[in-house]
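Q: could you work out the structure for the sequence below:
(2 chains)
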Amino acid sequence: MARIGSRPREIGKAGWGWTAFTSVVSLIYFFPVLWIILTAFKTRSDALAVPPKFFFTPTLQNFTNVFFRESITAQAAQATEFPLYFFNSIFIAGTSVFLALILGTLAAYGFSRYPLRGNDTYLFVILTTRMLPPIVVIIPIFLMFRLTGLAGSYWGIILLYTAFNIPFSVWLVKSFFDELNPEIEDAARMDGAGEKRVFFAMCLPQILAGLAATFVFGMILTWNEFIFALLLTGVETRTVPVAMARTMGGEIGVDYGLLAAIVTLFLIPIFVVTYILQNQLLRGVTFGTVKK
Amino acid sequence: MAHLRVSDVVRRYGSVTALDGMSFAVEEGEFYCILGPSSAGKTTTLRAIAGLEPLESGSIEFAGRDMTRAPVQGRGMAMIFQTFALYPHMTVAKNFAYPLERDGVGRAEIEQRVGEVAELLRVTHTLNRKPDTLSGGEQQRVAIGRALVRRPKLLLLDEPLTNLDAKLRHDTRAEFKRLHRELGMTMLYATPDQLEALTMGQRVAVIRDGRVVQIETPRHLYERPLNTYVAGLVGAPAMNLLRGRVAAGNGGAMLDLGFAGIDLAHGDTGLTPGEPVVVGIRPHDIRLGADTGRGRVLEAQVHLREPLGDVTVVDLRLGDAAAKMVVREEVGVGLVEGSGIEVTIDPADLHVFHAETGTRLG
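A: Below is the predicted model:
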């Protein structure tokens, strides 16, 4: 960690030219996100204005519209289902990424510490499940889910997302276990630790940062997933990306302000998770490279 | 009866045989060294004794019990690993306490014993720190402390000085001797460094390719190496090994080294005339100057000088053979590279080995 701490000084040494260059590149990458956030605060006419407006009077109407819909027939505005969709996204992604992390960690430990004949083949096979594009497997999965009654249920989509996240978890967590010094585990055994303790008290605490990083990456992937969610969730279990798509079309066309407001709200949870785990994340992604 | 007995231990990794009938016995309270180059099987031997490696065959007996199939936990041994293997997520105090907690020692006693061991190894000031904030020497002492805190009956040390710088190595060598004297514990020390083995070991087992070559006290190992392998490994600079042939001399055997013949003083040596041999002579046993009363005088040429501070290692050319000689620094300064000198060799200092098997003759 000492080396990470000393890094700002090195960046300072790189000079203003380099700093300006990286700032411009970052801005180019971040610009679409910035534009969406700005659009979320615009009125409908500002959002569609040509040329685009950078300065405008902000409004919170779009955010209100996410949760309350003006109704032609009823007097008062109606509450939308978006709170449920947000809950669904958090619950489904959180549960499945967490489950995949537990299963993936156990499998990764096995692969890393108990090498068997054909391990490389198994690892490869696990990865192949991610090689097919979702669109190829979606129809058989949809049929299976309908047959077993899993379609539209929480457990159905959680099961699928867990499976979807396991290969990634296994590979990443295995690389963290591979980095550890096995003599530490042997020392623990000689100190009287059984295999369970070696795993829980020695190996796991050493890779916590890596587990946090794996969790965040899994969250980001799952959070944004659209096609499986579109076909396999029902009215009660719909996630935000699907609900977002459903706001498009209809009698008033695409309401860009509304969409931008949903996206802005949708960014918040993943931003919070990443922010909380940022230190772990940095250590996780640099695992092995900054180790002495 | 031996405290620790390793008998005919075989350990294979796939097609590679790491231990090939390893056998030796260690007495209680002994400081015993295993000396061998890397991949000779030192680490595997220690790991096998600790129970960290399954054995293909052979047995391990310790403190009167057959430990061959006993679990790692509870063998009553401790090990100091080459990488120190400190628990990185625990403070130094927790590292010390861990083995005691596993043994079910009470809280108050843990605290007392952690304090004692920290004091013994002078790391009390580091107790609340994590291992990665310590210096190499401190990490080493913590590793020793964690091994000692349970008061093991046998301490296994796997090249514990390899990861330290030269100055620390010297200090830690003295530290190990002190601990051994103060604690009277049986210590089994694996090292590739002959200096460590000779200075610390009460007995040294020289190993090669997973098998013991010679077991001796450091003194005997140095004076009567069993073969050219041991001769080359023990002593620094290494023993000069010259090709030669046995010839008949005046009233006994003579060694024909090509550039010169040396009469062997001792009468019947069991050497057959005509037999090809390897003749060993330690660099310290080649004396500068002509002294016919002490042995055979030879013409030599100074090829290179390596001043080491207190002594100078001189690379000599004897005919077309090369040999090293060690002289005191003030003498070495006077030697000019490329000049001819005279040296004296006492036949009694010669070691004669079989040319093919390398085994000691006579």
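
Q: okay, now the domains of the chain?
A: No chain specified, so I'll use chain A. Following automatic domain parsing, one finds the domains of chain A at A:2-79, A:82-285.

Q: try chain B instead
A: What automatic domain parsing lists as the domains of chain B is B:4-233, B:240-361.

Q: would you mind listing what in chain B touches chain A?
A: Within chain B, the residues that sit near chain A (Cβ under 8 Å from any Cβ of the partner chain) are B:47, B:50, B:52, B:72-75, B:77-79, B:81-83, B:85-89, B:98-99, B:102-103, B:132, B:146, B:150. C-beta here means a position set from N, CA and C on the backbone, and glycine is covered the same way.

Q: and the strands in the stretch 51-200 of chain A?
A: Secondary structure of the stretch 51-200 of chain A (DSSP state E, counting those that start in this stretch): strands located at A:68-69, A:78-79.

Q: pull the residues that contact the first one.
A: Strand A:68-69 is touched from outside by A:77-80, with contacts defined as Cβ atoms under 8 Å, 6 or more residues apart in numbering or on different chains.

Q: reformat those residues into TSV and put pLDDT next to each item.
A: Listed next are these as TSV, based on pLDDT from 0 to 100:
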residue	pLDDT
A:77	77
A:78	83
A:79	86
A:80	87
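
Q: highest neighbour count among those residues?
A: Ranked by the number of neighbours (other Cβ atoms under 10 Å in any protein chain shown), these place residue A:80 first, at 15 neighbours.

Q: contacting residues for that residue?
A: Per Cβ under 8 Å, 6+ apart, neighbours of residue A:80: A:66-69.

Q: same thing with residue A:82?
A: Residue A:82 sits in contact with A:66-67, A:240, A:243, A:262, where contact means Cβ under 8 Å, 6+ apart.

Q: contact partners of stretch A:237-253?
A: Contacting residues not belonging to stretch A:237-253 are listed as A:81-82, A:84-86, A:88-89, A:92-93, A:152-154, A:157, A:224-226, A:229-230, A:233, A:254-255, A:258-259, A:262-263, A:266 [Cβ under 8 Å, 6+ apart].

Q: show the buried residues in these.
A: A:82, A:85-86, A:88-89, A:92-93, A:152-154, A:157, A:225, A:229, A:233, A:255, A:258-259, A:262-263, A:266 (16 or more other Cβ atoms under 10 Å in any protein chain shown).

Q: the residue of the stretch 201-350 of chain B found nearest chain A: how many residues sit nearby?
A: Nearest residue of the stretch 201-350 of chain B to chain A: residue B:210, at 19.9 Å (Cβ to the nearest Cβ). For residue B:210, the count of nearby residues is 23 (other Cβ under 10 Å).

Q: in this structure it contacts residue B:40, no?
A: Yes - here residue B:210 reaches residue B:40: they are 7.1 Å apart, a contact under Cβ atoms under 8 Å.

Q: residue of the stretch 151-292 of chain A closest to chain B, please.
A: Proximity of the stretch 151-292 of chain A to chain B (Cβ to the nearest Cβ) peaks at residue A:192, 3.2 Å away.

Q: in terms of pLDDT, where does residue 140 sit?
A: Since no chain was named, I'll use chain A. We have a pLDDT of 92 for residue A:140.

Q: nope, chain B please
A: 92.

Q: quick check: which element contains it?
A: Under the criterion of DSSP states H and E, residue B:140 resides in helix B:136-148.

Q: off-centre distance for whatever helix or strand comes next after that helix?
A: Heading C-terminal from helix B:136-148, the first helix or strand you meet, by DSSP H and E, is strand B:154-158. Put simply, strand B:154-158 sits 15 Å off its chain's centre (Cα atoms, centre = their mean, to the nearest Å).

Q: helix or strand: which one has the closest residue to residue B:25 other than its chain neighbours?
A: Once flanking residues are discounted, residue B:25 sits nearest to residue B:2: 3.6 Å by Cβ to Cβ, 6 or more residues apart in numbering or on different chains. For residue B:2, there is no helix or strand it lies in under DSSP H and E.

Q: let me know how buried residue B:2 is, in neighbour terms.
A: Neighbour count for residue B:2, taken as other Cβ under 10 Å: 14.

Q: what of residue B:175?
A: 17.

Q: could you measure from it over to chain A?
A: 20 Å (Cβ to the nearest Cβ, to the nearest Å).

Q: which helix or strand contains that residue?
A: With DSSP H and E as criterion, residue B:175 is part of helix B:166-183.

Q: chain center to the first helix or strand past that helix going along the chain, what's the gap?
A: Sequence-wise, the next helix or strand downstream of helix B:166-183 (DSSP H and E) is strand B:186-191. Its chain's C-alpha centre and that of strand B:186-191 lie 10 Å apart, by Cα atoms, centre = their mean.

Q: and strand B:186-191, what other elements does it pack with?
A: strand B:31-35, helix B:42-50, strand B:154-158, helix B:166-183, helix B:194-200 (3 or more Cβ pairs under 8 Å, 6 or more residues apart in numbering or on different chains; DSSP states H and E).

Q: tell me the most buried of those?
A: Stretch with highest mean neighbour count among those: strand B:31-35 (a mean of 26; mean count of other Cβ atoms under 10 Å in any protein chain shown).

Q: pLDDT on stretch B:192-211, on average?
A: The average pLDDT within stretch B:192-211 is 95.

Q: thinking again about what came up before, where among the helices and strands packed on strand B:186-191 is the average confidence lowest?
A: Looking at the helices and strands packed on strand B:186-191, the weakest mean confidence is helix B:166-183, a mean of 89.

Q: and for that helix, what are the contacting residues?
A: In this structure, residues lying in contact with helix B:166-183 by Cβ under 8 Å, 6+ apart are B:31, B:120, B:136-137, B:140-141, B:144, B:148, B:157, B:160-161, B:164, B:185, B:187, B:189, B:196, B:199-200.

Q: mind doing that once more with 10 Å?
A: B:29-31, B:80, B:120-122, B:135-137, B:140-141, B:144, B:148, B:151-152, B:155, B:157, B:160-164, B:185-187, B:189, B:193, B:195-196, B:199-200, B:202 (Cβ atoms under 10 Å, 6 or more residues apart in numbering or on different chains).

Q: PyMOL command to pick out the buried ones of those?
A: The PyMOL command for the buried members of the contacts of helix B:166-183 (criterion: 16+ other Cβ under 10 Å) is given here:
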select buried, chain B and resi 30+31+80+120+121+137+140+141+144+148+152+155+157+160+161+163+164+185+186+187+189+193+196+200
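
Q: what about stretch B:33-41, distance to the chain center?
A: Stretch B:33-41 sits 8 Å away from the centroid of its parent chain (Cα atoms, centre = their mean).

Q: distance between the ends of it?
A: The first and last residues of stretch B:33-41 sit 13 Å apart, counting by Cα to Cα, to the nearest Å.

Q: need the phi and psi values for the spatially most central residue of chain A.
A: Residue closest to the average C-alpha location in chain A (Cα atoms, centre = their mean): residue A:220, at 1.4 Å. Taking degrees, to the nearest 10, you get phi -60, psi -50 for the backbone angles of residue A:220.

Q: before I go, just wanted to say thanks for your time.
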